[in-house]
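Asks: Structure, please.
(chains A and B)
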Amino acid sequence: MNPTASSEPAAAAGLGADEVGASEMDVSCRLPLLVLLTSAAAWLVIASGFALISSLKFHSPDFLAGPAWLTYGRVHPAASSAFLYGFCLQSGLGVSLWLLARLGRTGLAEGWLVTVGAMFWNVGVTVGVLGVLAGERTGFEALELPGYATPMVFVGYLLIGVGGALTFHQRREPRLYVSQWFLFAALFWFPWIYSTAQLLLVTFPVRGVMQSVVAWWYADNLRFVWLWLAGLGAVFYLVPKLTRRELQNRNLALFAFWLILLFGSWGGIPNSAPVPAWMPALSAVGTVLTTVALLAVGLSVWKTAPPGSPAGPVTKWPFGVRRQSDLSAVASAKAEAATALSAARGVQEAKRCPSQSGVAPARRSAPARRRAPLATALQSGARENLPLRFVRFGVLAFLVAGFMRVLGSSLPVSNVTDLTWFGPATDQLNAYGFFAMVVFGAAYGILPQLMGLEFPWPRLARAHFWLASLGVVLLAAPLAIAGVLEGLELRSPDNAFMDVVKATLPCLRLSTMGDLLMALGHVAFLANLAGLAARFYLARAASVFSSLTLDLYKQTGAKP
Amino acid sequence: MNYGPLLFLAAFFALAGSWFGFVLTPQAQIGQLQPTNMLGAPTLYPQARPGLARQGLGVYRANGCADCHTQQLRQRGTLCDVVLSDTGTNIPAVITALLKVKPGLSGPAARQWLSVLPRPVLQGLTPAEADAAVRVLNGAGAKATVSIVPVGPDLARGWGKRRTVARDFLFDYPVALGSQRIGPDLANVGARQPDAGWHLRHLYAPRLEVKVSAMPPHRFLFEKRKIERSPSPDAMVLPRDLAPPPGYEIVPKPEAGALVAYLLSLRADAPLFEAPLTVIPAPGAAGATNAPAASGATSTNAAPTKAPAK
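Replies: Numbering: from 1, shown residues only, chains lettered A, B, ... in the order given. Okay, the predicted model is just below:
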């Protein structure tokens, strides 16, 4: 670490605000990212609505049982498709594109292409989810969108992906940061698995159980490998950035990267599967070997940012200042930050705990460039550590879900947990607890800086954190417990099956509470995002309008 | 310092490995699976489901039955039983042999025991033990055979006779293995519950047939219509609280009929090389007509409509 860096006063350290080209980058990313993230948030709300309906059916099977499209077997896949394709992939792409641009010190290449791609994607997912509700689901888990929705989804992905690849290609920073490895692999892996699954399952279906093998391979690679690559790419950027400490260490992170690629992708075939035994065995070996990757990620994040540690002194992260213009940009930012700091200190210091006082004023400086320092200081109080809190929770959930996946694939445990609620619990914990939380953190961190505006309701954002984290725990824990109980009971044929199912119902009903809390949190997230977008475009429209009418006034004022 | 192409290549090969391992290789192995002879019978297994059942699989898929029901049975292992089917002519020798392999049986009791045949002499043996016992009995002129019995909690629960194997799903699209047991396994539901009326009533109002069922009713598969001249023979017979108003009747839509045909076609209990199993006739009831369907030639995967396959 640069020894002079530690002696400098805290400089601009919003997400990426210390690097050059921030404004150029922000402008190029603004619309595509806003479209991707806002529509992802909208899908998230839709998905949690469907999830809530399907969860309520465990309270009363007659609930909304009338119309065909509201039956459990349609609402449930609609929820998971809307969540996976509408939220996970879309928001993951949005965050990835931003990171690729930021880490490459360049603007987003062909932003319009990405926006068009996002539209294709959203139309495709809409058509697909409506198709699922109409009874056109494919019957393959995680690939439920009917065949006719696929071309649109795929074209959408390609357009967005091309934007990402071009951004990567035109980067001005030749050195690669760890995140870029993860994100680039994710960008490239999805079209491969998606086209394989689509071709072999829907277009030219393979024979018999081979369908299930392809479907398991696809589902596992999407729900774990892709989400891990995209999510960890963001984690390895956000954790050092938000704590202003150097990544500990690069090699550990890259080690995790290669392990996930090499072994994580060999998973998903359950031990109960009616296939030749080498497949589940190989799948179990691959999955168990990801333990090392889990440990590497955990260790890396822990060493980078031990919980409760003060913020570090790294200001020019991940790469040093390179050009003279950078230096001047940083210097001017520093000056502004100092103003904001001195103005804010009197108000804020008393409230703050000592560990945060070092972090807070510094991070306030990014928006401070655009807004009155004091107001910013007061408002952004909620924001400083919020993204970090989301990311920390995400990493924790990543570890727990990863270990649950390892356990569920190894033989003595899988005899109990296969075909129970344990599998869905692992999926949900990984997708909601890890991936969605990291995306929330990234969105709360990126968007204010990107738009030059604070989120309109910071309290709602804080409430979102509590709703989301409590919700995830209340969703995943009862399901996992229900799964283990069910599996243990079913080992003995003396326990009547219906009694065992009945015994798991209280757990399922408890998990509805988790669904409800998460749904509320997602509404808060969408409200904040939509509010931010509305604020930005209203302000812009107002300024455009006033500048236009100013001319008008001048002209008309001059004539009469 | 441009790692781009290198990174791309390395990632490509790492991920290509998993594609080769879990897509290409399985396709070369089980993607080419063919129907085969059942054990001890010259019948091909499996045979394609009849058309109505195939439509029913579409209904099964569309309404997500596989979200709550699996079609995969697990098996903990295989045990052997020794079954004596004929004493031959030398009864005293057989009794001596019987006393030797089945301790705890006295002479007169053994004679009594032999009066009802065929019946299992010993149960739950390893193949070697069973072979030894068979050798002793056959040496005395009796006719004893080893019968293979798959065991495991799924099978003990009465869900099936053997584990599910890849071949059971050869002609299905999509293969509805399912991943979760919110409801009971359906791999053999056609054999377990061959009554179409039961299935229709269960689809219409699950708690009518299973008191504690958590299954949502599927009334959208039925229609309420006015009785025109005479009631339809397909009309549902329902208790008073569910019955339609007078002058109306509830009849299954074609989808319901197809779904039930599919459910009735679910029967994966044919003895196969990869999942061997011997059917033991019930004691003294060798020729009973209502014996479990797995007896020899009739145990196919086809629907009980007996429609010609293919």
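Asks: mean confidence score for the longest helix anywhere in chain B?
Replies: Longest helix in chain B by number of residues, with DSSP state H as the criterion: helix B:4-19. Mean per-residue pLDDT for helix B:4-19: 83.
Asks: cool, stretch A:95-115 as well?
Replies: On average, stretch A:95-115 scores 92.
Asks: What is the least confident helix or strand in the chain?
Replies: Answering for chain A, as no chain was given. Within chain A, confidence by mean pLDDT, DSSP states H and E is lowest for helix A:3-7 among all helices and strands, at a mean of 34.
Asks: actually it's chain B I care about, not the one you picked
Replies: Ranked by mean pLDDT, DSSP H and E, the weakest helix or strand in chain B is helix B:107-113, scoring a mean of 81.
Asks: With adjacent residues omitted, what lies nearest to A:Leu447?
Replies: Using Cβ to Cβ, 6 or more residues apart in numbering or on different chains and skipping the chain neighbours, the partner closest in space to A:Leu447 is A:Leu532 (6.0 Å). Bear in mind the C-beta positions are built from the backbone N, C-alpha and C, glycine included.
Asks: Confirm that neighbour sits in a helix?
Replies: Yes. According to DSSP: H, G, I helix; E, B strand; the rest coil, A:Leu532 belongs to a helix.
Asks: For the stretch 151-300 of chain B, list the residues in contact with chain A, please.
Replies: B:153, B:156-157, B:163-184, B:206-207, B:210, B:212-220 (Cβ under 8 Å from any Cβ of the partner chain).
Asks: ok, back up a step: verify the contact between the residue nearest to A:Leu447 and A:Gly452 for me.
Replies: No. Between A:Leu532 and A:Gly452 there is no contact under Cβ atoms under 8 Å: 10.4 Å.
Asks: Need the residues that contact the helix or strand that contains B:Ser147.
Replies: Here B:Ser147 sits within strand B:143-151, counting by DSSP states H and E. The contact list for strand B:143-151, computed with Cβ atoms under 8 Å, 6 or more residues apart in numbering or on different chains, reads B:75-88, B:120-121, B:123-124, B:127, B:130-131, B:133-134, B:137-138, B:161-163, B:275-280.
Asks: Which members of those are positioned in helices?
Replies: The helices, defined by DSSP H, take in B:Pro127, B:Ala130, B:Asp131, B:Ala133, B:Val134, B:Leu137, B:Asn138 from those.
Asks: From chain B, how far out is A:Tyr218?
Replies: Separation of A:Tyr218 from chain B (Cβ to the nearest Cβ, to the nearest Å) stands at 9 Å.
Asks: show me where the stretch 151-300 of chain B has helices.
Replies: With helices called from DSSP state H, counting those that start in this stretch, the stretch 151-300 of chain B shows them at B:153-156, B:189-192, B:196-204, B:206-209, B:254-264.
Asks: Deepest in the core, which of those is it.
Replies: Comparing the helices of the stretch 151-300 of chain B by mean neighbour count (mean count of other Cβ atoms under 10 Å in any protein chain shown), helix B:254-264 comes out on top with a mean of 23.
Asks: how far out from the middle of the chain is that one?
Replies: Mean C-alpha position of helix B:254-264 versus that of the full chain (Cα atoms, centre = their mean, to the nearest Å) differs by 18 Å.
Asks: Give the other helices and strands that it contacts.
Replies: In this structure, helix B:254-264 packs against helix B:51-62, helix B:189-192, helix B:196-204, with contacts taken as 3 or more Cβ pairs under 8 Å, 6 or more residues apart in numbering or on different chains; DSSP states H and E.
Asks: Could I get the ones you listed in TSV, plus columns for mean pLDDT?
Replies: Shown next, in TSV, are the helices and strands packed on helix B:254-264 (pLDDT from 0 to 100):
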stretch	mean pLDDT
helix B:51-62	96
helix B:189-192	94
helix B:196-204	95
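Asks: Against chain A, how distant is B:Ile91?
Replies: 38 Å.
Asks: Please enumerate the strands of the stretch 151-300 of chain B.
Replies: Secondary structure of the stretch 151-300 of chain B (DSSP state E, counting those that start in this stretch): strands located at B:222-226, B:248-252.
Asks: Point out where the stretch 451-560 of chain A drops to low pLDDT.
Replies: A:555-560 (pLDDT under 70).
Asks: Low-confidence bits of chain A, can you list those?
Replies: In chain A (pLDDT under 70), the answer is A:1-22, A:313-384, A:555-560.
Asks: and the residue of it nearest chain B?
Replies: Residue of chain A nearest chain B, by Cβ to the nearest Cβ: A:Gly73 (2.0 Å).
Asks: who's in contact with that residue?
Replies: B:Ala62, B:Asn63, B:Gly64, B:Cys65, B:Ala66, B:Asp67, B:Cys68.
Asks: try A:Val129
Replies: A:Ile46, A:Ala78, A:Ser81, A:Ala82, A:Gly86, A:Leu145 are the contacts of A:Val129 under Cβ under 8 Å, 6+ apart.
Asks: and the angle from the strand or helix carrying it to helix B:51-62?
Replies: Following DSSP H and E, one finds A:Val129 within helix A:111-133. Calculated by axes from the mean of the first three to the mean of the last three Cα atoms, to 10 degrees, helix A:111-133 forms an angle of 130 degrees with helix B:51-62.
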